[in-house]
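Participant: kindly return the folded structure for what I paste below:
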Amino acid sequence: MTIEKLQLTLHSTGLKNVAGLGKGTSDPFAIVTLLATGPGEKPRVLGKTEVIKNSLSPKWTTSFLFDYSFGKETHINVSIVDEVRKQSDKPMGSAVFEIGDILGSRGSTKAKKLKKGGILYARVSKAPPRSAGKLALSLQGIKLKNVDGLFSKSDPFFEIRRTYEGAGGGSWSPVYRGKHVKNNLNPKWEPASIDVNALCDGDLNRRIQVAVFDHEKDGKHNPMGAFDTTVNELVKSVGGKFALKKGSKTYGTINVDECKIIGAETSSVVQPPSAPAAATATAPVDTTSYQPPMMPVPVPVADFGNMNLGGQPLPVPVAPPKKPTFVDYISGNCDLNMCVAIDFTGSNGDPRRPGTLHHFSPHGQMNGYEKAISAVGSIVAKYDSDQQFPVYGFGAKYGGVVRHCFQVGNSKEVHGIKGILDAYKGVFKTPLIMSGPTVFTEVIQLAATQAKQRYQINPLSYSILLLLSDGAVTDVEATKQVLASVADAPLSIVIVGIGNADFSAMQFLDDFETRSGVNRDIVQFVQFNAHEHNKTSLTRATLEEIPDQLVQFFHTRGIMPQADSNFSASKIVIDDYNEEADIDLSMDYGSDGEIALNGDVGCYIDNSYEAGIGDLHVIPPPSAPSGSAPVAASVPTQPFTFQVQVPPNVVSGQQIQVAHPHTGQPLVVAVPAGVPPGGVFTVSA
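Facilitator: Coordinates of the predicted model:
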């Protein structure tokens, strides 16, 4: 499984002032906690940001590192807290984000409204692979212009800022903020130590900005000028100076007393150019105040005789030398598209009978098809920009004719994962006769054709076919031929085997690339029963190969990630406050500055199959003891009650294994006396 290191940065706007009457403005900082995905895991506090004094729109410079993989959901809780000296800190609001949600959003940025007011913004980007060391920097201001009025002097401080590549990368974001020097227009600031990776991703020639502000107690700091430069220019300018500009006017100069890189791994930084750059680059600075029905018949989907599949493969240009990663493409304007194909052959059993594969439980328990669609689909859907998904069926008769590819649902595409599940259930209200044989070829051909069509419109479009079947294909050789013919398409195929059938005939898919001579692996087969009680295990197994398949396709064709030129801050998605998820966690603050959750258990994401489509529920930790802050909701003490349906051929007294609907944990229960196969009994756990 491909694992990449990401970094998270945060800022907020319009927070509610919780300092209290006559006590000024809140001093917010943020705590980031990596949430567990089940009761057997423990959440982990990643750390906290610096405190921003007197600000209700803080821009924190602290970043947080964590591992990311495509097939596993990663949830973080961000708690914003007002630092109160000599008293308990006050909560200002909390929000839960899923990293895939952020990465799949435009600008790799997501925002959430907070219960008490304000909006919290979270952005993720790829972390540099190696340490580029620390930048030791000492600056001094010379004859700065006073912007504090006639009867007082400015209190200057400086920020070091960067931009991010790709979508949402146009604006300056602070990486370091120094302390202000009171009443001084020739300030000599304290030496700064700045992580070079955080500043410029190790690229010493990347543009950065030094901005100077007049510190104000209310947090609305006044700009005093700025200049653009690079790390290389700063290093080469020791003893030199930069003009501080505000618009077209000069507001003083900045002397570089010291600038050097300490502790860098030699292979981690971009080497400087042979000739030094001029140290007089300037840039404008913002002059405003700075504030950190029933479907009657199936719809034919295509004329397969007119498809252009293997005859004219897509061109394969020479690849560029530097190979991007999956995160580079996802954050670089790549759009994932998903389509779903469902097996309606007769071997699935009569859907009206409990225990058969297409049976819909009246008690809310999902069948295997529903679980696979919701688990795998909910992850892939995060990266699909329009949330519109084609759904197809195969193996059923309509009008006496067996259809190996027909439309499921009333429209060519349905909206969201719930739309897929609704369309799937709606099929059984049509004049469908479950039949056979099991044929994959037509849905694979259609998915490949549509993937190529999208690619012609957008070269950074990639498709995933989620194919669900209860048995092996009838014609293995025909399936092999089709897979070979579509190997040049921007497509990955995930096949999930549902039920207890013998899937040994499907093993040819695991080594198809080697045996067939095709130079690209596009298929992954997974048997659902091996992951029936573990949703995370299923998504990992089904999606683990897709990042490498996607990167290989684009890289061998010389297609590189691109910036989203149409992105702006106004297009950032802002989600509403979620009462079930966005809880204030209970924290313990140690005398050494360490922060820990108050309690080792609880505070996990409900990651069971039955947790709900698109819903998020956080099980909070135990409530805090008196005097600690902030206070969290307590864990419910009453047992959870749910109903279990007895599988076929299981008799009273026999033990069966079921999954807890909330936690996903396997439970072994005995069938009570008098409950027949297909019957229902109640379990408390």
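Participant: which helix or strand in the chain has the lowest average pLDDT?
Facilitator: helix 512-516 (a mean of 53; mean pLDDT, DSSP states H and E).
Participant: the very next helix or strand once past that one packs against which elements?
Facilitator: Using DSSP states H and E, the helix or strand that follows helix 512-516 towards the C-terminus is strand 523-527. Strand 523-527 sits against strand 491-497, helix 535-543, with contacts defined as 3 or more CB pairs under 8 Å, 6 or more residues apart in numbering; DSSP states H and E. All C-beta spots, glycine's among them, are computed from the backbone N, C-alpha and C.
Participant: sheet partners, orientation included, of strand 523-527?
Facilitator: strand 491-497 (parallel) (DSSP bridges).
Participant: off-centre distance for the partner strand?
Facilitator: Centroid separation for strand 491-497 versus its chain: 22 Å, with CA atoms, centre = their mean, to the nearest Å.
Participant: buried residues in that strand, which are they?
Facilitator: Going by neighbour count (16 or more other CB atoms under 10 Å), the buried part of strand 491-497 is Leu491, Ser492, Ile493, Val494, Ile495, Val496, Gly497.
Participant: spatially nearest residue to Gly368, not counting backbone neighbours?
Facilitator: Closest residue to Gly368 apart from its sequence neighbours, by CB to CB, 6 or more residues apart in numbering: Ile498 at 4.3 Å.
Participant: on that earlier part again, what is the nearest of the buried residues of strand 491-497 to Ala381?
Facilitator: Nearest to Ala381 among those is Val494, at 13.6 Å by CB to CB.
Participant: against Gly377, how distant is the closest one?
Facilitator: From Val494 over to Gly377 the distance is 10 Å, taken as CB to CB, to the nearest Å.
Participant: SS state for Gly149?
Facilitator: Three-state assignment for Gly149 (DSSP: H, G, I helix; E, B strand; the rest coil): coil.
Participant: backbone dihedrals for it, please?
Facilitator: phi 100, psi -180 (degrees, to the nearest 10).
Participant: do His531 as well
Facilitator: Note on His531: backbone dihedrals following degrees, to the nearest 10 are phi -130, psi 20.
Participant: list the buried ones in stretch 563-581?
Facilitator: The neighbour-count check on stretch 563-581 (16+ other CB under 10 Å) flags Ala563, Asp564, Phe567, Ile572, Asp575, Asn578, Ala581 as buried.
Participant: residue contacts, the fourth one?
Facilitator: Spelled out, it's Ile572. Going by CB atoms under 8 Å, 6 or more residues apart in numbering, Ile572 touches Ser105, Arg106, Gly107, Thr109, Lys110, Ala111, Tyr121, Gly168.
Participant: rerun at 7 Å
Facilitator: Counting by CB atoms under 7 Å, 6 or more residues apart in numbering, Ile572 touches Gly107, Thr109, Ala111, Tyr121.
Participant: which of these fall in strands?
Facilitator: Thr109, Ala111, Tyr121 (DSSP state E).
Participant: turn those into JSON lines, including distance to Thr229.
Facilitator: Shown next, in JSON lines, are the ones in strands among the contacts of Ile572 (distance: CB to CB, whole Å):
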{"residue": "Thr109", "distance to Thr229": "26"}
{"residue": "Ala111", "distance to Thr229": "31"}
{"residue": "Tyr121", "distance to Thr229": "27"}
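Participant: just to revisit the earlier point, and the helices and strands packed on strand 523-527 as TSV, adding mean pLDDT and distance to Gly393?
Facilitator: Below are the helices and strands packed on strand 523-527 laid out as TSV (pLDDT from 0 to 100; distance: least, CB to CB, whole Å):
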stretch	mean pLDDT	distance to Gly393
strand 491-497	95	15
helix 535-543	89	20
